[in-house]
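**Student:** Can you look at this prediction? I've put the sequence above it.
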Amino acid sequence: MARLLRAFRGLPFRGAPLRAVGGPAGRGGAGASPDDAGSLPKHGPSLTKSEWQKKLTPEQFYVTREKGTEAPFSGVYLNNKESGMYHCVCCDSPLFSSEKKYCSGTGWPAFSEVHGASGSDERDAGILRREDTSLGLTRTEVVCKQCEAHLGHVFPDGPGPSGQRFCINSVALKFKPRKH
């Protein structure tokens, strides 16, 4: 863990975006026009890069559409202890319950399970997992199933019983408190 945190210290958090290697054509990859880089042909409402830029703050756009990362210990939801649901900031899909949030000490909000999952079955969950080799090592990226927004990564060092740690950028989330 310490090695991973040291690796993040040297990263530009607001400079050039971190990008995954490869990816299917038509999703900002080869053959896509620059204005279509943020479009989503397969899931949810299709928006162009300029439409996403109008809808999101610059930091939200950088993290969710360009696969960026917010600085550790800077996120508004890192220490949030309210009961409720965390939704995708781009499309409002429910992603994580506060009941599965815990303090991992890594600097980003951490969740032990995604909303809608039943054990290891994530068919009804609001996320997709993708291989990410952008830093020269293999990690598992977490994206919104509805709009393909980059949310963060999942690691195998979380609490039991799943052993997963969903390390998610606060800026990619919108928290909705539980109504009492």
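**Tutor:** Now that the structure is in, tell me what you want to look at.

**Student:** wait, what's in contact with the most centrally placed residue in the chain?
**Tutor:** Nearest to the mean C-alpha position of the chain, counting by C-alpha atoms, centre = their mean, stands Leu151 at 0.5 Å. Taking C-beta atoms under 8 Å, 6 or more residues apart in numbering, we find Leu151 in contact with 64, 88, 95, 127, 142-144, 168-169, 172-173. For every residue, glycine as well, the C-beta is placed using N, CA and C.

**Student:** Of these, which belong to helices?
**Tutor:** Thr64 (DSSP state H).

**Student:** just the strands in this structure please.
**Tutor:** Counting by DSSP state E, the chain has strands at residues 84-88, 94-97, 101-102, 110-111, 127-132, 139-144, 150-155, 165-168, 173-177.

**Student:** Mean pLDDT and distance to Asp121 added to these, as CSV?
**Tutor:** Output for those, formatted as CSV (pLDDT from 0 to 100; distance: least, C-beta to C-beta, whole Å):
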stretch, mean pLDDT, distance to Asp121
strand 84-88, 98, 20
strand 94-97, 98, 16
strand 101-102, 96, 21
strand 110-111, 98, 17
strand 127-132, 96, 13
strand 139-144, 98, 16
strand 150-155, 98, 15
strand 165-168, 98, 16
strand 173-177, 98, 23
